[in-house]
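> Show me the folded form of this:
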Amino acid sequence: MKNTYLIVALAILCSCNLTNKQKAENLVKNCLKDRLKDPDSYQPIVTEVDTLYTGAFDVKEYSVYSDSVSKIGTEISDVRDDIYATGKIDEKKINKLRMDSLRYARLMSSIEDTVKHRPNGWMISQRYRAKNSFGGYDIYDVNVRADKNFTEGFVIP
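Coordinates of the predicted model:
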């Protein structure tokens, strides 16, 4: 008898937790309530939840290094223009640009290696049914980016 109560209590506790899909559907509903003509008519049809991973551009230093590489590319173009215009090659400047470019490439590569595959949030794709301006039901598709805990999200246009 005691075991039966324990099993029922465990079943109730386990069933109280929302799945990621349920959390995603609730978040999408909250994100869409201001966009829908009749928010009460919202009915999810299909919801897919996919993990988003951190990318190198999420790291501030990576963007700084990337901008530096772009500037080096511009300087290399300027050096080439000088070579065509004057016929003279500035070996020191070319070597400095090469070394700087390699240094930034190594730094960017090390950031890419350390950042890979860290979960950063969720991408929710959903097809839903809702009333249009005329009161008839239409089917819509929406993508929502959510944080790790499904507490904040925004619709991706």
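
> Tell me where the protein has helices.
With DSSP state H as the criterion, the chain has helices at 2-15, 20-32, 60-86, 91-115.

> Nearest to T54 among those would be which one?
Ranking those by proximity to T54 (Cβ to Cβ) places helix 91-115 first, at 5.3 Å. (Glycine included, C-beta is placed from N, CA and C.)

> what's the angle between the closest one and helix 60-86?
Relative orientation of helix 91-115 and helix 60-86, computed by axes from the mean of the first three to the mean of the last three Cα atoms, to 10 degrees: 160 degrees.

> Counting by contacts, list what helix 91-115 packs against.
helix 60-86 (3 or more Cβ pairs under 8 Å, 6 or more residues apart in numbering; DSSP states H and E).

> Over the helix it packs on, what's the mean pLDDT, rounded is fine.
If you average the pLDDT over helix 60-86, you get 87.

> can you put the helices of the chain in CSV and add distance to D138 and mean neighbour count?
CSV is the format used below for the helices of the chain (distance: least, Cβ to Cβ, whole Å; neighbours: other Cβ atoms under 10 Å):
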stretch, distance to D138, mean neighbour count
helix 2-15, 34, 9
helix 20-32, 13, 18
helix 60-86, 40, 13
helix 91-115, 40, 13
